[in-house]
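J.: What follows is a predicted structure for the sequence shown.
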Amino acid sequence: MSLWNRFKNFIRKPHNLILVLLFAALFFLTMFPLLSLLKDSFLVHPSEVRSIKGSKAGDLTLYHWYKVFLDGKNSRNIFYRPLWNTIRVSLGSCFIAISMGGSVAWLVTRSNIRFKSFISTVFVFPYIMPAWTLAMGWLNVFRNSHIGGARGLFTAVTGIPTPNWLAYGAIPITVVLGLHYAPFAYILVGGILRNMDANLEEAATLLHASRWKIIRKITLPIVMPAILSTFLLTFASTMSAFAVPAFLGTPVRYFVITTQLFRTLNGMNPGYGYIIAVVMIAIGCAILAFNQWITGKRKSYTTITGKSSQISLVDLRGFRNILSGAIIGILVFIALMPLVSFAVESFTMVSGRYALSNFTAEFWIGDGRVNVANGEPGILRNKYIYLGLWNSVKLSVSCALAAGTLGVLCGYAVVKGKMYRLSTFVNNLAFFPYLMPAMAFGAIYLSMFSKRNLFIPSLYGTFFLLVLVGTVKYLPFASRAGVNAMMQLSGEIEEAALIQGVGWWKRMTRIIFPIQKSSFLSGYLLPFISCMRELSLFILLITPANRILTTMLFQYNEKGWSQYANAINLLIIIVVVAFNIGVNKLTGASIDKGIGG
Amino acid sequence: MKKWFLLLTCAGLAGMLLNAAPSAELIEAAKKEGALSVYTTTSRVSGSAKKFEAMYGIKVTSASMKDGELVEKVSTELTGNVYGADLILAQDGARIYGELINPGYVVNYVPEDMKKLMPPEDQDPFVFAYYNTVFIFNNETTKEPVIKNVWELTEPQWKNRVQFKDPNVAGVNMNFLTMLLSPEWTDKLAAAYKERYGKDYAGEYENAAYGWIAGFFANAVLGNSDTTISENVGTKKQEKLLLGLFVLAKARYEESKDLALQPLPDTVPFAGFYFPTIALLTKNAKNPNAAKLFLDYLMTEEGFKPWSVDVGTYSGNPTVPANKDDLEFTYWRTRLVPENAAFTYENRAKMEEFINDIINK
């Protein structure tokens, strides 16, 4: 058989065709930008002509590489110090996230703690809220009049001015990121615990092993590789977090690698920024490789062998009420308090003064007073807010539909074609965007699509570009959901239909999708939620005609109009939470099924 | 004094006559075009836009952003020949000069009647308005000027009590620092040093300008927004008296936010700095005539209302009076460091490196 005929034969099967198409598209959308990013790190950009003496825009140069890595004091300022800060902050927040998320996950799956459904609903709140939510909440409580403007709630109530180290810098960033990603760890660890074969634990119980011994000798060793992989994923996420360090670090000049990236890309030296982005991607890849090595090596320990029907729950006895109460208390503090503080802030005229006479609805429904924020109307009467809201929803729905559908196809093709190496390629390519820090990803798309490139016209300023970048960036969530769902599905079901002569389209829509509906749908839900609360991915690509709520919020906040910012934040959270609950009630899909699977 | 008054009155009268109306052809051409898109660093444009819409029935969409972001956007859009804005009101002379004017991405337009009224150096690029940034202190406990010489701000008693917007966030602030490197201002700083300490500057830095900046930054707290800084400085019942270098326009919050703020116009050798907001048409504007008509309108007293209701902004049109609680721009101008686009463009990289070095300490 000639090569061409073999190829024709290969491509005749729908899943193979999908594999080939996905490979081509993903290669173009992920690898090609990477090359373009590398190229940009060697070019002189228009704003750099002055610093690089005797050059003109577009010249090749090693200047950026030299400055970032080898120029002593300057390199320390541009790169090494922020990198070191990033590592410290990320390690610290990983520790907080995993110990907190892990303990709650264990309590919910393995003990008789009270209010389980409340805990598991509310605990994921911080994760579905925009990343800066907790940072803003933190500032609302702890900010001091020394740097952050009006004093915060803590000082207002107690009269004790907060020191700088508590209000800004490494400690608050670590704590806030840790709290933000605790639900992420909870989802991952919870998934592992829920799917773990409980037979071993049961056996140990029969042998009268003590609870503590079971945890130490059985549960922990089994979940260890998974915990390690959770650690790596959490580390990758905290490392690329931008909004939290931007809010809490910049006032005291505490820079991490993402805030440094933003500064350089938005400032006079984009070349530095492109190199920083390359470094971040390299770190991300190293983490992924390490992760695959770990999970691959110890696969036999983590296999899901079907759930044991009776997991006997640990009786917390005397601690039951205390622990339940403590967890509810913590949840109220980290998940509900910020919301309350936004509401309060958005209704105060002079921030920091909590007196009844100071309350106003001006920032919600006022028509704008000249002596307050340049006569900006309240957010419910502001046409640009509605434009932003509409754009945000439109963008999130488009990204979710595109990424979700691609995720289903990807899962189908990857699992069906798993005997080919191409399938592994596609699977990894689809996951690759996860490793790219959102802002670097935005920067690459900016550099690639702001001018005519190959056969593609300049897409900058179009809505399509935003949808494209969002879809590719969130594909990892959807493709993971898709692959997991397909893995659980026995091939015989589809074969039975195939024998009956049922067409591919009908097989997909009538059999495969309905069976794994809730898993697939979570592949739609996650991109939607991520997109609604996304800032760093879009911040470099947004044009005024396409502005979205999060970029507007960031602007209001930068201007120091905190009441508007708080009000918009509340608006975003309401939309996200309402959507999440709505989808959950209608279809049973929920966010905790997405990543943990 | 009398002569000045006469001159101003004449100019005012001439202004009124000349301000009569834009040409009928321009209005007609503008009405044929679509909705006007404006990128701006001052969000008050939306106030004038409303009235403009009512007058001519031409819709205006405005988007406000930070100075660097605006230059970046426009430059990206024009590199890809993507239409974004017709008219820009931009700040940060160095970058406008280097990244928008030099590559030919923007078109200068001077309203007909402004050609005679405005000084030639304000006409290319066209100055829509001036802003000033001055030393302002919290006057709750004392109305007496708390400093007389800028070198005082480098002394230990001001440690952490001076606030300034991060020059990496605000290009105009970086330009101001860059301007201090010019021979004129380096000399003035050296003279002020001698006045204060009775000897010539001989510190660890190359000259008095670098020396002052390093000392100032060692004491300064850097902020992200002038609004926040004005609140930090002006909040009442603070333990220590704070001082800031921020735009005078923020002093308007004094009443609505109950702040205690007072400028220090007589500080030696400068009381702060000023910078222009430049109005330019983009090269790929879809509605150039509407943009021109809108700019004509912004240059009238009526069109400038959203700014002149407050202190701290001054129309490029000298016949439009400043806010009645403020002093005329001619008063401020002599006390402040100006922004020279060509000089800052040439020397800013040097200053950026210096700043990044000292703020990371």
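T.: Good, I have the coordinates.

J.: Can you pull the poorly scored residue ranges out of the stretch 51-200 of chain B?
T.: Judged by pLDDT under 70, the stretch 51-200 of chain B has no weakly predicted residues.

J.: Now do the helices in it.
T.: B:67-79, B:93-95, B:114-117, B:171-179, B:183-197 (DSSP state H, counting those that start in this stretch).

J.: Over to the stretch 451-597 of chain A?
T.: With helices called from DSSP H, counting those that start in this stretch, the stretch 451-597 of chain A shows them at A:463-487, A:491-499, A:504-506, A:513-515, A:517-532, A:549-559, A:562-587, A:591-594.

J.: got the angle between the longest helix seen in chain B and helix B:171-179?
T.: In chain B, ranked by residue count with DSSP state H as the criterion, the top helix is helix B:341-359. Relative orientation of helix B:341-359 versus helix B:171-179 (axes from the mean of the first three to the mean of the last three CA atoms, to 10 degrees): 90 degrees.

J.: helices and strands of chain A: which one bottoms out on pLDDT?
T.: The least trusted helix or strand in chain A, going by mean pLDDT, DSSP states H and E, turns out to be helix A:299-302, with a mean of 38.

J.: Restrict the next helix or strand along the chain from it to CA atoms and write it as PDB.
T.: Toward the C-terminus, helix A:299-302 is succeeded by helix A:319-331 as the next helix or strand (DSSP states H and E). Coordinates of the C-alpha atoms in helix A:319-331 are reproduced here as PDB (Å, rounded to 0.1, in the frame of the first residue of the first chain):
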ATOM      1  CA  PHE A 319     -13.600  17.100  68.000                       C
ATOM      2  CA  ARG A 320     -16.500  16.800  65.700                       C
ATOM      3  CA  ASN A 321     -18.300  20.000  66.700                       C
ATOM      4  CA  ILE A 322     -15.200  22.000  67.400                       C
ATOM      5  CA  LEU A 323     -13.700  21.100  64.000                       C
ATOM      6  CA  SER A 324     -16.900  21.700  62.200                       C
ATOM      7  CA  GLY A 325     -17.300  25.100  63.900                       C
ATOM      8  CA  ALA A 326     -13.700  26.000  63.200                       C
ATOM      9  CA  ILE A 327     -13.900  25.200  59.500                       C
ATOM     10  CA  ILE A 328     -17.200  27.100  59.100                       C
ATOM     11  CA  GLY A 329     -15.500  30.000  60.900                       C
ATOM     12  CA  ILE A 330     -12.500  29.900  58.500                       C
ATOM     13  CA  LEU A 331     -14.800  29.600  55.500                       C
END
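
J.: any idea of the mean pLDDT in helix A:319-331?
T.: pLDDT averaged over helix A:319-331 equals 87, rounded to a whole number.

J.: So which other helices or strands are in contact with the helix or strand just after that helix?
T.: Using DSSP H and E, the helix or strand that directly follows helix A:319-331 along the chain is helix A:337-346. Contacts of helix A:337-346 with other secondary structure elements, assessed using 3 or more CB pairs under 8 Å, 6 or more residues apart in numbering or on different chains; DSSP states H and E, are made with helix A:132-142, helix A:562-587. Where you see a C-beta, it was placed from the backbone N, CA and C, and this is true even at glycine.

J.: pLDDT of helix A:337-346, averaged?
T.: 82.

J.: circling back: with respect to burial, which of the helices of the stretch 51-200 of chain B scores highest?
T.: helix B:93-95 (a mean of 28; mean count of other CB atoms under 10 Å in any protein chain shown).

J.: who touches that one?
T.: Contact partners of helix B:93-95, identified using CB atoms under 8 Å, 6 or more residues apart in numbering or on different chains, comprise A:47, A:268, B:67-68, B:71, B:171-172, B:174-175, B:178, B:275-276, B:278, B:339-341, B:344-345, B:348.

J.: Likewise for stretch B:298-311?
T.: For stretch B:298-311, the surrounding residues in contact (CB under 8 Å, 6+ apart) are A:370-371, A:374-375, B:19, B:42, B:44-45, B:47-48, B:51-52, B:111, B:113-114, B:128-129, B:248-249, B:251-252, B:279, B:297, B:313, B:315-317, B:319-323, B:325-326.

J.: Give the residue spans of the stretch 201-350 of chain B that score low on pLDDT.
T.: Residue ranges of the stretch 201-350 of chain B with pLDDT under 70: B:252-256.

J.: does the closest residue in space to residue B:327 that isn't next to it in sequence count as helix, strand or coil?
T.: The shortest distance from residue B:327 to any residue that is not its chain neighbour, by CB to CB, 6 or more residues apart in numbering or on different chains, is 7.8 Å, and that residue is residue B:265. Under the three-state scheme (DSSP: H, G, I helix; E, B strand; the rest coil), the conformation of residue B:265 reads as coil.

J.: In this structure residue B:265 contacts residue B:136, no?
T.: No. When contacts are counted by CB atoms under 8 Å, residue B:265 is not listed as touching residue B:136 (10.1 Å).

J.: what's the burial count for the residue nearest to residue A:246 when sequence neighbours are not counted?
T.: Taking CB to CB, 6+ apart, and ignoring the residues beside it in sequence, residue A:246 has residue A:259 as its nearest neighbour in space, at 5.3 Å. Residue A:259: 24 surrounding residues under other CB atoms under 10 Å in any protein chain shown.

J.: which element follows whichever strand or helix holds residue A:259 toward the C-terminus?
T.: Assigned by DSSP H and E, residue A:259 belongs to helix A:257-266. The C-terminal neighbour of helix A:257-266 among helices and strands, as given by DSSP H and E, is helix A:270-297.

J.: Close to chain B: what parts of the stretch 451-597 of chain A are there?
T.: By the rule CB under 8 Å from any CB of the partner chain, the part of the stretch 451-597 of chain A lying against chain B is A:451-452, A:458, A:460-461, A:543-545, A:547, A:555, A:558-561.

J.: Go again with 10 Å.
T.: Applying CB under 10 Å from any CB of the partner chain, we find that the stretch 451-597 of chain A lies next to chain B at A:451-453, A:457-462, A:539-545, A:547, A:551-552, A:555-562.

J.: Of the residues you listed, just the buried ones, ChimeraX syntax please.
T.: Taking 16 or more other CB atoms under 10 Å in any protein chain shown as the burial criterion, the selection of buried members of those in ChimeraX is written as:
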select /A:451,458,459,460,461,462,539,540,541,542,543,544,545,547,551,552,555,556,557,558,559,560,561,562
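
J.: Would you quantify the distance from residue A:362 to residue B:191?
T.: The span separating residue A:362 from residue B:191 equals 49 Å under the rule CB to CB, to the nearest Å.

J.: rewinding a little: do you know which of the helices of the stretch 51-200 of chain B lies nearest residue B:236?
T.: helix B:171-179 (26.5 Å; CB to CB).

J.: Would you mind getting the angle between the closest one and helix B:67-79?
T.: Inter-element angle recorded for helix B:171-179 and helix B:67-79: 100 degrees (by the same axes, to 10 degrees).

J.: From the chain's centroid, how far away is helix B:171-179?
T.: For helix B:171-179, the distance between its averaged C-alpha position and the chain's averaged C-alpha position is 11 Å (CA atoms, centre = their mean, to the nearest Å).

J.: could you turn that helix into PDB, dropping everything but the C-alphas?
T.: Included here for helix B:171-179 are C-alpha records, laid out as PDB according to Å, rounded to 0.1, in the frame of the first residue of the first chain:
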ATOM      1  CA  GLY B 171       5.900  58.300  32.300                       C
ATOM      2  CA  VAL B 172       5.400  62.000  33.000                       C
ATOM      3  CA  ASN B 173       7.100  61.500  36.400                       C
ATOM      4  CA  MET B 174      10.000  59.800  34.800                       C
ATOM      5  CA  ASN B 175      10.300  62.700  32.300                       C
ATOM      6  CA  PHE B 176      10.400  65.100  35.200                       C
ATOM      7  CA  LEU B 177      13.300  63.300  36.800                       C
ATOM      8  CA  THR B 178      15.000  63.100  33.400                       C
ATOM      9  CA  MET B 179      14.600  66.900  33.000                       C
END
